[in-house]
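Chemist: got a predicted model here, sequence first, then my questions.
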Amino acid sequence: MSASYEQEITLEGDLHARPAGALAVAAGRFAAVIKVTAGGHTADAKSVLGVMGLGATSGQHLTVKASGPDAREAVAALIAILSEATKVGG
Amino acid sequence: MSPATVGIVLVSHSAELARGAAELAEQVSGGTVTVIAAGGTDDGDLGTSAAKVSHGLGQANQGAGVVVLPDLGSAVLVVKAVLEDHGDASSVVLADAPFVEGAVAATVTAAAGGDVKAVAAAAEEARHVRKL
């Protein structure tokens, strides 16, 4: 049985290389399949190049969706990182 | 205590290029992974050095193995020659990947706790990620 969770966040800064890296490092520690969607494009949250390739910028809505045994924790952790990491820019 | 992460060795013809790619990969991944730049010849010219690669493998291995990324042509040959002498093929993997993108992707996956296979796969997947 695997649950699916998702949450949306409005970015306070651009999703530059460093916040994208922080997101992918954190995502890689979870077993869940995790996707991030912004501006109509979706990337594997565990792929730093994919996340950077979204080109998500300040003010955009970004959705984190996870499915798997630790999906709930994964979504909470990644939303927290996005909220912190995009504040200071990258 | 967290377990050891996979180390990364970046082999470039240019010492500056290897150092720059290492710095970028470290910054993006949060600085928890050992990334060794093995660029240039022993004299500091453009080229690659088996001694630098061999030394880099030793420095990078924290117990979880090493993934090596070469830039071009003879860098690949030098790495292959060093690995043949190195012995433990299971702990050191040569990744066939774009240099900068592969270095960043590999280091991030290493920081997340991936094993040598996962780290090498992340580097090689970088080939398929479009920029536009």
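Modeler: That came in fine, so what should we check first? Residues are numbered from 1 along each chain as shown, chains lettered A, B, ... in the order given.
Chemist: report the distance from the lowest-mean-pLDDT helix or strand in chain B to the chain centre.
Modeler: Lowest by mean pLDDT, DSSP states H and E among the helices and strands of chain B is helix B:74-86, with a mean of 93. From the chain centre to the centre of helix B:74-86 is a distance of 13 Å (Cα atoms, centre = their mean, to the nearest Å).
Chemist: got the contact list for the residue in chain B positioned nearest to chain A?
Modeler: For chain B, the residue closest to chain A is residue B:112, as judged by Cβ to the nearest Cβ, at 2.5 Å. (C-beta placed from N, C-alpha, C; glycine too.) Applying Cβ atoms under 8 Å, 6 or more residues apart in numbering or on different chains, we find residue B:112 in contact with A:24, A:25, A:26, A:27, A:28, A:29, A:46.
Chemist: rerun at 6 Å
Modeler: Counting by Cβ atoms under 6 Å, 6 or more residues apart in numbering or on different chains, residue B:112 makes contact with A:25, A:28, A:29.
Chemist: so which of those is the most crowded?
Modeler: Greatest neighbour count in the contacts of residue B:112, by other Cβ atoms under 10 Å in any protein chain shown, goes to residue A:25: 24 neighbours.
Chemist: still on that earlier bit, next, the buried residues of the least confident helix or strand of chain B.
Modeler: The neighbour-count check on helix B:74-86 (16 or more other Cβ atoms under 10 Å in any protein chain shown) flags B:75, B:76, B:78, B:79, B:82, B:83, B:86 as buried.
Chemist: what's the longest helix in the chain?
Modeler: You didn't pick a chain, so chain A it is. Across chain A, the longest stretch assigned as helix under DSSP state H is helix A:71-85.
Chemist: that answer is for a different chain, and I need it for chain B
Modeler: helix B:15-29.
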